[in-house]
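Asker: Sequence unavailable; structure follows:
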C-alpha cells in the first residue's frame, strides 16, 4: 500500500532558513520544515484505519520516516495531542471522538431494522458518543438491552461516525433498572418505585443523589432474600417540579427525546418547495385544515365540491403534508424518525417524531403558507360510494386553519370572522359530501364504538385545573371519514400498482374472547348472534340494543376488550373494526412513520422523484412494521401512565370524598371502578368487600360471594369513597359503598382462608351436620 506523503507548497516563496512556516488555514499551528512529513489529515486517517497499530513507531514505519523526520513527527504528534486532535491510550494514538480497537460496551437496544446498537461503557468525549452497531456472528450468545460485552471495534465503511463491534465475550447480563424517588437513610437509602408493580429497593450507593429526588437505580448483587439492592446511576431532578409527570413516563418507557446533531442540521438546512414539472400547483383549491384547538401540527387539509359530471355526486380532496420531500431514505432524519416510530402526546408536551423546524413549520400546513403536499382526489356517488380516485404531488396554500368547534358552530348558524366567508364555498360542501359518505359507511357497518376522549387542562405551572371529556361533533366525524377514505385510496392504489406497502391490520377477535362477550351479553339480557364467521354487524346489533339502556357502558367496554390490537405489516389481513378489505395509514406523516412509508411508495409508484421508496426499504418492511407497532404501544402506555398520574394528583386533595362510577374491570384481587366525573380508574381491593370469600368468575367478568351468591359484574353502577391517591404511581384506592346488584359490602375484615381450605371446612361442616341429622332420626 502506498501512503501519500506531504508535498511542497506552491505559491509563496520559501521562508528563510530556521523560520517557521505558517499554514494559511491554521495560522497558529506550526508546520514542520521537513517536506516528507505526512499531513495532519493523513495521520488522522491512518490512526482511524489502523486502530490496533497506531503507536508512534507504527506511524513512522507506515510513512517511511527515519532520522530527523522521526524527531519532527514526535513534535507534530505532541502538537496534535495538545490541541485535542489526538489522544493517547497507552502507546497507541487515536483521534478525538474515536474509539479504541477493543472496548467495553453496553447494549442500548435494537434499531428499527433489528440491528443491535451499543455505546461505550465509559465515554469522556463530547456527546453524543459514537454510534456502534453490533455485527453478530453464528454462535454468539443472545444480547439484550443493558447487557455488557467486550468487543473489537472498527469504523464502518458504509457510514461515517458509525463503528462496527464484533463480540469477544459477553461480560454479564444487563442489570435491572428501576425509576423512583430516593429516600435518604444513613449512608444509603431506599427507592420508592414509580411503577406500582415493583417493590422498594435498598440503595447501597446513592452517589450525589438528594433525598426526594427522582433517580434511576441499577440492581446490584445482594442477599438472596429480602429487598433488592441497587445503586443510583442517574439523577433526574425534582419529581414535584412543574411538568415532571410526563418526564417520568418518557424516561420509564425509554422514549427518545434528544435529536442527533446530524438530524437537526438536516432539518435546519431544509428549504421551502417550489413548483416543478412533477409538482402540480394546487393553490387554487381552498383546502382548509380542521384540527383541535390545541393542535401542535397540521398535516391534513380538505375541500369538497359537487361533481359537475354527476348530479348528487361529490369531489373530495384530501391533501397531506409532503414529509417525504424533506425526510429522505437513509438520512439522519429518516433514521431518527424510524427509531421513534411516531410522536407521543402528553397534556403538557409532545415528543415529536420530527424536529420542530419540520413538524411545526415547513411540513405543517399553516394558513397562507405555500406547502408541499400529496393529495388524493376522490369521486363519491350520491350514495357515498367511492368509485374513483387519483393521487397528485403538488403545492397548496390553505386559506384558513380552523378548529372543530369553529366549523361546527358555523354549520349550526354561528359563524365567526374566519368561518363566515367560507361557510357557503367551503364548509357547507364539506358537510354535503360527508352526508353522502356517511351513507356508504352505514352500509359498510364498521363497529359502532364512539368512545369519549379525556381532556386534562393544566395551569402554566403544570397543575391540573380541570378534567373533562372532549365533545364529539359532526365536524370530528367528517374529518375522520374523509381520512378513512383517503387511507383506503392509498392502499388500493399501491395494490393496483403492485408496490410493497405497510397495511394497518386489525385481525378478527379471538373466539374465546367473543364467547366471554356472549356470556356477559346474555347475563345482561341481550343476545350476540352466533355464526361461523363473526361480522361487525352482529356486534353492532348488540351495541345498538344496549345503546339506550343502563347496560350501554358495560356492553361497550366488553366489546372493546374483546378486540385484538391493530398493528402494521406488509401482509394484508384486513381491518376488522372498520370492516375494510385493505387499509393503510396515509394521512399523518408528520407524526407516524407508517404514513411516511406509504408516501414513499406512492412517490415511487408514480415516478415523482428520487425521494420515493427504495429497494432496501421495501425489503425491510416486515421489520419496520414490527418496530413501529412496538413504538405505538410504547407511546400509548406512556400517555396512559401520564394521564393516570395527573388524575391521581388532581384527586389527591379529595381523600374521603364519595364518587359515582361503573365497574370497569374485575380481577382475582379486586375490582376496578371508573369514575363518572373524571374517568379515573381505581382499585377496590377484594379484602375490603367483607369477611366472605369472593370467587372470580372470569367468563362472566364477575366476583361471586361463595356463601351469599352476591355478584358484582363489569359495568355495574357503583358508589365508592376515595381512600388513597398516589400521584407518583398514578394509583387510586377506593372503598366500595354500594354497587348495582350487590348492595353494601359486609363487615370489612380479613379476607379469610384460601378457597380450598374454606371449601374443605365447609365440606367437614356439612358432613357433621348430616351425622347429627342421622343420629336425631
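Answerer: Great, that's in hand. A quick note: this is a predicted structure, and the numbers were derived from the prediction, not measured. Numbering: from 1, shown residues only.
Asker: all strands for the stretch 351-500 of the chain, in order.
Answerer: 370-380, 386-397, 401-403, 453-458, 464-470 (DSSP state E, counting those that start in this stretch).
Asker: want to throw those strands into JSON lines with mean pLDDT and distance to residue 139?
Answerer: (Each C-beta comes from the backbone N, C-alpha and C, glycine too.) Listed next are the strands of the stretch 351-500 of the chain as JSON lines, based on pLDDT from 0 to 100; distance: least, C-beta to C-beta, whole Å:
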{"stretch": "strand 370-380", "mean pLDDT": "98", "distance to residue 139": "47"}
{"stretch": "strand 386-397", "mean pLDDT": "97", "distance to residue 139": "49"}
{"stretch": "strand 401-403", "mean pLDDT": "96", "distance to residue 139": "58"}
{"stretch": "strand 453-458", "mean pLDDT": "87", "distance to residue 139": "51"}
{"stretch": "strand 464-470", "mean pLDDT": "88", "distance to residue 139": "54"}
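Asker: Please identify the most buried of those.
Answerer: strand 370-380 (a mean of 23; mean count of other C-beta atoms under 10 Å).
Asker: Which other helices and strands does that one contact?
Answerer: Contacts defined by 3 or more C-beta pairs under 8 Å, 6 or more residues apart in numbering; DSSP states H and E place strand 370-380 against strand 314-321, strand 386-397, helix 428-444, helix 474-496, helix 593-606.
Asker: Just checking: what are the partner strands of the shortest one?
Answerer: So the one you mean is strand 314-321. strand 300-306 (antiparallel), strand 370-380 (antiparallel) (DSSP bridges).
Asker: which of the residues in the next helix or strand after it are buried?
Answerer: Sequence order places helix 332-340 as the next helix or strand after strand 314-321, per DSSP states H and E. If you call a residue buried by 16 or more other C-beta atoms under 10 Å, then helix 332-340 has these buried ones: 332-340.
Asker: closest to residue 211 among these?
Answerer: Nearest to residue 211 among the buried residues of helix 332-340: residue 340, at 34.5 Å, using C-beta to C-beta.
Asker: what about the closest residue to that closest one other than its chain neighbours, distance to residue 163?
Answerer: Excluding the flanking residues, the one nearest residue 340 by C-beta to C-beta, 6 or more residues apart in numbering is residue 353, at 4.9 Å. Residue 353 is 26 Å from residue 163, where distance means C-beta to C-beta, to the nearest Å.
Asker: so where's the stretch 201-350 of the chain shaky on pLDDT?
Answerer: 242 (pLDDT under 70).
Asker: quick one: the helices in it?
Answerer: 244-253, 261-269, 332-340 (DSSP state H, counting those that start in this stretch).
Asker: Now tabulate these in a markdown table and tack on distance to residue 276.
Answerer: Conversion of the helices of the stretch 201-350 of the chain to a markdown table gives the following (distance: least, C-beta to C-beta, whole Å):
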| stretch | distance to residue 276 |
| --- | --- |
| helix 244-253 | 40 |
| helix 261-269 | 19 |
| helix 332-340 | 21 |
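Asker: Residue 78: which of those helices is closest?
Answerer: Nearest of the helices of the stretch 201-350 of the chain (C-beta to C-beta): helix 261-269, 30.0 Å.
Asker: Now for residue 79, how many residues are close by?
Answerer: Using other C-beta atoms under 10 Å, residue 79 has 15 neighbouring residues.
Asker: secondary structure element for it?
Answerer: Going by DSSP H and E, residue 79 is part of helix 68-82.
Asker: isn't residue 267 right up against residue 357?
Answerer: Yes: here residue 267 lies in contact with residue 357, judged by C-beta atoms under 8 Å, at a distance of 4.1 Å.
Asker: Those two - which one has more neighbours?
Answerer: More crowded of residue 267 and residue 357, by other C-beta under 10 Å: residue 267, with 23 against 17.
Asker: partners of residue 184 in the sheet?
Answerer: Beta-bridge partners, per DSSP bridges, of residue 184: residue 189.
Asker: sorry, that was for residue 377
Answerer: Applying DSSP bridges, one finds that residue 377 bridges with residue 317, residue 390.
Asker: Quick check: it touching residue 314?
Answerer: No: if you go by C-beta under 8 Å, residue 377 and residue 314 don't touch, sitting 11.1 Å apart.
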